[in-house]
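1. just coords:
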């Protein structure tokens, strides 16, 4: 099975040099965060990720979670690992100190989250969903709800779930049909079926706290008639002890392409008289609350794209170094070499490496912007960072996850025939990645959010500001007298021009012909991701050059960063023009066929 | 489970209008082939594919082939289906009439092969490998070998395998270590282990005829010391009856990402004293024979890319028509619609449809060129067609299979969350497709063949001739006064220019710096595939327009063909420029890192 070691050197480089760790540490509330603390946490997290979680990744995939008569047994070793995870305080890392959290910066939590997801994505989904439930309660829970649930959830003693989807309400949550009947005592009885509930049932903890979207009897139709409820698996007494089993039951779990160890439950609420829940926040505002939490959740899924790419890259690189096959090109009868000598294996690995580094750079920069948006002393800076976060969330989610399918596929390809054999483990990353472009909003949903709410609605203000920052970096890169920098500047310049062209089209088209604009939305999302990644890689190359000239840091790492940025420019940024062409010209061909002509 | 129906209308259109079926039917040897016969065969094949093979596709995936103590049981229903397949004469379709084959044109066999592969790729591998073994024996077998094996193999009573790969001899067959010891009686004892042997063991037939690469004791090192042997599972008596069990045994079968129902065997030769085999052709020329057969085998795997794309498209289209979710864009509170109304679902389906049709057009045109290369009365025409086949084989293999990963991934995406659930069946196509870019030579190996043997070695003569044909089509398209045709001409023109630019780079670089040229080889292969597909789609659009104007044929089909060609131009051909940029500029970034800097 494949090893995993956190890419701490690159994580530190990105945090410090690109995402502004120093600035983040100086934000109000981060007084106790020091560079040493950050390094110590990264090191400890790597130990846990590589030592405990990574070895369970493949066995978890092969064993899977197992349903038996309403109970779900997680794979061998998972309960122990989870207990250790919670006891080590990892569940509390990003949470509010008021209820036992450590309140560490999002930027640091981002790097740590990357490790869990790389090491064992199926495992990481459990704390991820719990975080979502914690956030919902933090956001709108009553004091009673908070006191009852949050300390245990933050400590990892109980986990949480998000119950949104129903068989006929997937992307369209307006169609939710689950009912909530008020009992007159402040509680509600919930009736309905929810599907695709991640860790909806398991044996890791004594209780599971379900957050559930449902309709009150007098609720209006559509999105404005959905309320949010908290429904524990076991009722919780005022003293925190567990009471009766609630009427929520796991009917089955899904047989999936990947993340086999993460139980995806069908949950039946109220088959035996009604599941008891309490309302979170105000009636009919459940979907609105979900939207508030959406940035965090979508960012986390975007991180899965990055994390699976990193894992797959490490896996493929190790194989390429070990695997001896053939001789160097043009050297017939020469010595046998490892396959890293073969040009296309290098191309595949550089593709994986450069995309992964570009994703990390962009995601961490967005992570730091979360911190500034929440904690900066200056309101204008907070607003500016929030706008940047809002713009970039669909890009991080959509672009990183779409990338991960390609990158993990490249990882399989590097292995040749062995890549197709499950025991090799490369195929698992490919299978696991395939859900990431779907859940928490498909790429199309991200892309519609991007061109609609994030660009057209504000007439391109934030994306325009980002383009300006990109142009400034391009100018700086163009000023460096060096072949690699010239190549980066050239491709980045073309990429930015492609973004400008596409944005102009979207702004001109969105309000006139929303379908025409939407045809180009996913190509545009990819375009913006590619160019934003190139922008960050160009920044990284500039830092690396400065460090090399100053004789600071790790010279090999800095040299590699410049080469990697150049590769990214010539192989990835190169696609920008074609994507812009499709955004601008692609609508008629996509929209013209009537249904019967398909 | 998903239905499959052969896309006979498009198959007929491509065969007649693009691939020149009339001309093929007039070739010497095809005197008995008529348009009616072709249609009748397509119809019968569709019945078998959709009625017998397609329903076993998903159950075969879920059950898989099972190894038990050296024996392999195929999935329930497979033996019956195979027996029917053979008894209906399908194994004999493309084979030489001298030994019981039907000798039908490659073009027709291509369409029929597409159906088997779409309906049930794991099943289709059995006759495909048998064809390879038949071809090897036809090519270089002695009369005795031919008489002993061919009639039964062509009739489907026995199957065949190709034993090339060993644990340390994958892409590099020069490293083959299996030994053949002459026994002095014209037979040889074979000792060694072969891996990745498709249908190397199964229960479908009484005997299996293995073709095996091995080294004679005095063989030179490397590629020129490998001989080809025929090694039956059961010895065959002169009267055709079965004799003793031979010393070739299935040690295990692989646990794979896809094609679960196709047993991939590890075969041990000679563990109990030596497997008896006879030499095929001359000593030390085995690899040369493999190369002669390579075009057929690579073409067949390219067809898998097309076929899985078609199946995945049909599957996703049906889902999109059935699935009701959300309202039309911009129509809040409007009626619920099927997801084909949503712009990005359309984009995904048009992507799948247009790529699939482009692949079919190119592959069938190459199929017809096979026929002309073998049977045309004029030697110059034969040579010209052979050169075209040689150039296009790596493109059909590499481009169609790389496409199939993307197309089947799009097929999963159309299904949303249901796509990730195995019972939906969409994920199977995605898993099955992932082997096609690996076996029978990875995409990198195809791409090296393309830029080296097929382009640089003849200084670009054939590709230059193809570019001229493309330019002629572009000119014709540009002459049509119509918005769709203008769009096609524009994108095709840019695409051809990209091919010209990339070819010029390859010709200038290949002999100077083979690694630099090789970095661009896979991007170039994709580029040539995309533009060759666009060329064929442009031809199809011209034919469709002519038919519409003449009031011939199915007007809806012709209209859809023009729209599809336009979509392809704006969404797929649009990528050509970026790929050429990478071919020309991509080498330094890919080659510069030393191993320790990865």
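-> Structure's in. What do you need? Computed from a predicted model, the values in this text were never measured in an experiment.
2. how far does stretch A:576-594 stretch from start to finish?
-> The first and last residues of stretch A:576-594 sit 30 Å apart, counting by Cα to Cα, to the nearest Å.
3. likewise stretch A:225-244?
-> Stretch A:225-244 stretches 30 Å from its first residue to its last (Cα to Cα).
4. ok, it near chain B or not?
-> No: on the criterion Cβ under 8 Å from any Cβ of the partner chain, stretch A:225-244 is out of touch with chain B, staying 12.5 Å away. Any C-beta I mention is one placed from the backbone N, CA and C, and that applies to glycine too.
5. report the mean confidence score over that stretch.
-> For stretch A:225-244, the mean per-residue pLDDT is 96.
6. got the buried residues for it?
-> A:225-234, A:236 (16 or more other Cβ atoms under 10 Å in any protein chain shown).
7. centre of the chain to it, how far?
-> Relative to the mean C-alpha coordinate of its chain, stretch A:225-244 is positioned 29 Å out (Cα atoms, centre = their mean, to the nearest Å).
8. again with stretch A:528-546
-> Chain-centre distance of stretch A:528-546: 20 Å, with Cα atoms, centre = their mean.
9. what mean pLDDT does it get?
-> Stretch A:528-546 comes out with an average pLDDT of 98.
10. strands along the stretch 1-150 of chain A, start to end?
-> For the stretch 1-150 of chain A, the strands defined by DSSP state E, counting those that start in this stretch cover A:66-68, A:71-73.
11. check whether stretch A:254-262 comes near chain B.
-> Yes: contact between stretch A:254-262 and chain B, assessed by Cβ under 8 Å from any Cβ, occurs at A:254-258.
12. ok, stretch A:200-220 next?
-> No: contact of stretch A:200-220 with chain B is not found when judged by Cβ under 8 Å from any Cβ; the minimum separation is 11.1 Å.
13. okay, buried residues for that stretch please.
-> A:200-202, A:204-205, A:207-216, A:219.
14. and that stretch, how far out from the chain middle?
-> A distance of 23 Å separates the centroid of the chain from that of stretch A:200-220, by Cα atoms, centre = their mean.
15. for it, measure first residue to last.
-> Distance between the boundary residues of stretch A:200-220 (Cα to Cα) amounts to 28 Å.
16. could I get the average pLDDT for it?
-> Per-residue pLDDT values across stretch A:200-220 average out to 97.
17. can you check stretch A:491-503 too?
-> Per-region confidence: stretch A:491-503 scores 98 on mean pLDDT.
18. now the strands for chain A?
-> In chain A, the segments counted as strands under DSSP state E are A:66-68, A:71-73, A:158-163, A:179-182, A:188-198, A:207-214, A:227-232, A:234-236, A:242-245, A:248-253, A:264-269, A:275-280, A:324-327, A:336-338.
19. looking at the ones you listed, which is nearest to residue A:97?
-> Taking Cβ to Cβ, strand A:158-163 is the member of the strands of chain A nearest to residue A:97, at 18.8 Å.
20. the closest one near chain B at all?
-> No: Strand A:158-163 lies out of reach of chain B by Cβ under 8 Å from any Cβ, never closer than 13.7 Å.
21. do a quick rundown of the helices in the stretch 251-400 of chain A.
-> Shown for the stretch 251-400 of chain A, the helices assigned by DSSP state H, counting those that start in this stretch span residues A:286-322, A:343-375, A:379-414.
22. just the stretch 51-200 of chain A next, same as before
-> With DSSP H, counting those that start in this stretch, the ranges of helices along the stretch 51-200 of chain A come out as A:54-63, A:78-87, A:106-119, A:121-140, A:143-154.
23. just give me the neighbour total for the residue lying closest to residue A:568 once chain neighbours are set aside.
-> For residue A:568, ignoring the flanking residues on the chain, the nearest one in space by Cβ to Cβ, 6 or more residues apart in numbering or on different chains is residue A:354 at 3.9 Å. Here the neighbour count serves as a burial measure; for residue A:354 (other Cβ atoms under 10 Å in any protein chain shown) it reads 28.
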